[in-house]
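**Q** Sequence and predicted structure below; questions after.
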Amino acid sequence: MRAATGWRDFGVLDASDGEKLERWGKVILIRPDPQVIWNTPRSQRWGEADAHYHRSEKGGGSWEVRRPIQEFWTIGYGDCLRFKISPTGFKHTGLFPEQAVNWELFGELIQKAGRPIRVLNLFAYTGGATVACAAAGASVCHVDAAKGMVQWARENAKSSGLEDAPIRWIVDDCAKFVER
């Protein structure tokens, strides 16, 4: 099993009973995670959470903010990747940190290829893989149907020093894009 080693500002602090306690920079969040099937005693650290996402029985959910937090902040991965974090109305934060292991693998493959690499990132969200691949030297085509997510990805590229990297930003339905 590969483990992501470059997180400076993210960590899972604990997990129990369908939830994770996570550190995102200086902010501590509790978020639901259906893969957490064990129910172990919760430490006092759970009381340090700045916000807690509660699922609604009707779908969706909302954040219970226990201490004021900024609307968004930036966290880092490795030496150069920087990502904007913001709790969204559907429990996400704008980044899937568990994907960092894939970013590392992509980066290694791109750097060892010995030739120009082009990457198509479909359902690209806020661009974690896009930014990682561009940082490794690839030309990237970033496709997502949500204009706001593509803009967020552009901000992540800029904060990572990649605003001039060869990234093509496309707002489109991924299935229709591939059909064409």
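**A** Perfect, I can see it now.

**Q** Please enumerate the strands of the protein.
**A** 10-16, 19-24, 27-32, 51-55, 61-65, 73-77, 81-85, 118-122, 139-144, 167-171 (DSSP state E).

**Q** now these as TSV including mean pLDDT?
**A** TSV is the format used below for the strands of the chain (pLDDT from 0 to 100):
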stretch	mean pLDDT
strand 10-16	96
strand 19-24	97
strand 27-32	97
strand 51-55	95
strand 61-65	94
strand 73-77	97
strand 81-85	97
strand 118-122	98
strand 139-144	98
strand 167-171	98
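
**Q** and residue 100, which of these is closest to it?
**A** Taking C-beta to C-beta, strand 73-77 is the member of the strands of the chain nearest to residue 100, at 5.9 Å. Using the backbone N, CA and C atoms, a C-beta is placed for each residue, glycine as well.

**Q** between that closest one and strand 10-16, how big is the angle?
**A** Angle of strand 73-77 versus strand 10-16, following axes from the mean of the first three to the mean of the last three C-alpha atoms, to 10 degrees, is 100 degrees.
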